[in-house]
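>>> structural data only, the sequence is not supplied:
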């Protein structure tokens, strides 16, 4: 597991411990006696590891493309720009190149965003 910030780790641990202890309190087979500490420790460890792994994947932007909000938003922008261009072709009016400026800039911007999200290995200018 990679190193994550103390703030995220603290939040994960607090949320996870609260959830696990709540489950333990509702489980009649477990109590918080010394003999049950090992079982509680195992439950908390498993839950914390799963939660940290999920948050770490999000922080590193390593989730699958279809789950990425960047790719989902980019797809919507491209669809809107293409719809605008098709509308310009079919509106029956002679359009100037300036009419295509906003959709063209949107598509170029999406290309830049997707390059930065999925291909670039270091920040711009670094």
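Done, it's in. Please read these numbers as outputs of a predicted model, since none were measured by experiment.

>>> in which helix or strand does the residue nearest to residue 74 when sequence neighbours are not counted reside?
Leaving aside its sequence neighbours, residue 74 sits nearest to residue 110 (CB to CB, 6 or more residues apart in numbering; 4.6 Å). For glycine as for every other residue, the C-beta is placed from the backbone atoms N, C-alpha and C. For residue 110, the host element (DSSP states H and E) is helix 101-118.

>>> just residue 52 next, same as before
Element membership for residue 52 (DSSP H and E) is helix 37-59.

>>> what are the buried residues along that helix?
Residues of helix 37-59 classed as buried under the neighbour-count rule (16 or more other CB atoms under 10 Å) are 40, 43, 44, 47, 48, 51, 52, 56.

>>> now render the residues you listed as CSV, adding pLDDT and distance to residue 122.
Shown next, in CSV, are the buried residues of helix 37-59 (pLDDT from 0 to 100; distance: CB to CB, whole Å):
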residue, pLDDT, distance to residue 122
40, 74, 43
43, 78, 40
44, 77, 37
47, 79, 34
48, 77, 31
51, 76, 29
52, 75, 25
56, 71, 20
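
>>> just to revisit the earlier point, distance from the helix holding residue 52 to the middle of the chain?
19 Å (CA atoms, centre = their mean, to the nearest Å).

>>> many thanks, I have nothing further to ask.
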